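A.B. asks: Quick one, what's the 3D model for this:
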Amino acid sequence: LQLVESGGGLVHPGGSLKLSCAVSGFGFRDYAVGWFRQAPGKDLEGVSCISSESGAATMYADSVKGRFTISRDNAKNTVNLQMDNLKPEDTAVYYCAANGWGLVSGEYVDWGQGTQVTVTS
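C.D. replies: All right, here's what the predicted structure looks like:
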């Protein structure tokens, strides 16, 4: 699988961004997809993930619950991460990953190159 993130940028606190992960390769709907982030000087952190097929199961890190929403569009081979009420501590490079499950980075096989999100006033 090949994964390409888009949608990052600079936003003020309280603002919103929508990240997209475009996945190419056979059998997209068969794979769960996760979002991770890495802030400067910090470890890679699991943010959210969505199950395969209909995406009926989702997981969120406590730090983003109620603010971020993950969804998938199997017709477009994309997984989106809607991020609302952004905070400066959300500043990080965001990565999507596939062929795994959960919020532990080591569980995933395929990774994108990342997109920068900066939240600053």
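A.B. asks: Every contact and neighbour count from this point should use C-alpha atoms.
C.D. replies: Fine.
A.B. asks: close enough to count as contact, E45 and G34?
C.D. replies: No - the criterion here is C-alpha atoms under 8 Å, and E45 misses it with G34 at 10.8 Å.
A.B. asks: So for the two, which sits in the more crowded spot?
C.D. replies: G34 (32 against 18; other C-alpha atoms under 10 Å).
A.B. asks: any idea which element that one lies in?
C.D. replies: strand 33-38 (DSSP states H and E).
A.B. asks: helices or strands up against that strand?
C.D. replies: Strand 33-38 sits against strand 45-50, strand 92-98, with contacts defined as 3 or more C-alpha pairs under 8 Å, 6 or more residues apart in numbering; DSSP states H and E.
A.B. asks: Could you dump those into CSV and include mean pLDDT and distance to H12?
C.D. replies: Shown next, in CSV, are the helices and strands packed on strand 33-38 (pLDDT from 0 to 100; distance: least, C-alpha to C-alpha, whole Å):
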stretch, mean pLDDT, distance to H12
strand 45-50, 98, 20
strand 92-98, 98, 14
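A.B. asks: Compile those into JSON lines and extend it with columns for distance to G27.
C.D. replies: What follows is the helices and strands packed on strand 33-38, written out as JSON lines (distance: least, C-alpha to C-alpha, whole Å):
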{"stretch": "strand 45-50", "distance to G27": "15"}
{"stretch": "strand 92-98", "distance to G27": "11"}
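A.B. asks: And those strands: which comes nearest A22?
C.D. replies: Among those, strand 92-98 comes nearest to A22, with 9.1 Å by C-alpha to C-alpha.
A.B. asks: Can you give me the buried ones in the closest one?
C.D. replies: Going by neighbour count (16 or more other C-alpha atoms under 10 Å), the buried part of strand 92-98 is A92, V93, Y94, Y95, C96, A97, A98.
A.B. asks: For L17, list the residues it contacts.
C.D. replies: G7, G8, G9, V11, Q82, M83, D84 (C-alpha atoms under 8 Å, 6 or more residues apart in numbering).
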